[in-house]
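Asker: sharing a model prediction with you, sequence too.
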2 protein chains.
Amino acid sequence: MPTDSYPFITPDALLAHWQGHRRLTRRVIHAFPDDKLFTFSVGGMRPFGVLALEMITMGVPMVRGAISNEWHAPADRSPRPKHGLLELWDEHTEQLNTLWPQIPVTRFREHLTAFGQFPGVLHDLILYVIDNEIHHRGQGYVYLRALGIEPPAFYDRS
Amino acid sequence: MPTDSYPFITPDALLAHWQGHRRLTRRVIHAFPDDKLFTFSVGGMRPFGVLALEMITMGVPMVRGAISNEWHAPADRSPRPKHGLLELWDEHTEQLNTLWPQIPVTRFREHLTAFGQFPGVLHDLILYVIDNEIHHRGQGYVYLRALGIEPPAFYDRS
């Protein structure tokens, strides 16, 4: 195998890594008081509930598009009770596990245009979705601290 | 090649992805006023200059350890002028480019114990370093917004 074909990480290991992040993000959603999830923020930014719904509109829709080349992202980011948001999160966790193995292994290095407007190599597009989750979750940590709430440990992905 | 040996992403592409993040983090450091970099934060958290120095203690030292199995991380996170922090950042950017190709391609899937205390597969340990940078940079975005400063665009990695 030529050196430039060796994996830094395989698709299976990347999914496990991503799901570890999703478990942590779920704990951050859970840490917010219900009445702060869609109302509180710092510096005029979006509340964490809206950011979590953005993550939901990106993850499964990206993977579904990578498989089918059909691009649909739900647009509804309206406030909802925390238990409803957590149920939606858990549904997407399961869908991700089901869909991920359907991506052909050669697809990750192909160029495509996600959602009709974001061109890139699939591995970069998927990392963008994960990185966006980490980025906004980090902002959620600041919101929690500003509310006087201890956020979950960053290193714990169990 | 068996399916489980295909890359999600290759080492070369992962380095390019990481350096894109590092360019963005550099712009976030640059966006802070010099007198706020080591003094301002939200919710009792660490100032962004301290977080940037944490990133510096993790990136190159992780890669150097992956090559040599010798683990040294600089401990000094004392305040310094912004231009000095940016110079240090740029030195590490160059060191990363030099060191990265010295990691044997088979090493990324090996178990090791980083810094004598963090066990894991090397690809997960390296992703942890990158994810930690994204996580804390996202917090820097909130600090900037709280200061009334528009942060750099998250999607721009040029």
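Answerer: Received the coordinates, thanks. Numbering: from 1, shown residues only, chains lettered A, B, ... in the order given.
Asker: does the helix ranked longest in chain A come close to chain B?
Answerer: Across chain A, the longest stretch assigned as helix under DSSP state H is helix A:122-146. Yes: against chain B, helix A:122-146 shows contacts by Cβ under 8 Å from any Cβ of the partner chain at A:123-124, A:126-128, A:131-132, A:134-139, A:141-146. (Glycine included, C-beta is placed from N, CA and C.)
Asker: sec struct for A:Pro119, please.
Answerer: Using DSSP: H, G, I helix; E, B strand; the rest coil, the structure places A:Pro119 in strand.
Asker: spatially nearest residue to it (excluding sequence neighbours)?
Answerer: Setting aside the residues directly before and after it, A:Pro119 is nearest to A:Thr113 in space (Cβ to Cβ, 6 or more residues apart in numbering or on different chains), at 4.7 Å.
Asker: who's in contact with A:Ile134?
Answerer: Neighbour list for A:Ile134: A:21, B:131, B:134-135, B:138 [criterion: Cβ atoms under 8 Å, 6 or more residues apart in numbering or on different chains].
Asker: so the residue nearest to A:Pro119 lies in a helix, does it not?
Answerer: No: assessed with three-state DSSP, A:Thr113 is strand; it does not lie in a helix.
Asker: tally of neighbours for it?
Answerer: For A:Thr113, the count of nearby residues is 13 (other Cβ atoms under 10 Å in any protein chain shown).
Asker: hmm, it is touching A:Leu125, no?
Answerer: No: counting by Cβ atoms under 8 Å, A:Thr113 sits too far from A:Leu125 to count as a contact (9.3 Å).
Asker: find residues that contact each of the two.
Answerer: With Cβ under 8 Å, 6+ apart as the test, A:Thr113 and A:Leu125 reach no residue in common.
Asker: quick one: pLDDT of the residue nearest to A:Pro119?
Answerer: On pLDDT, A:Thr113 comes in at 97.
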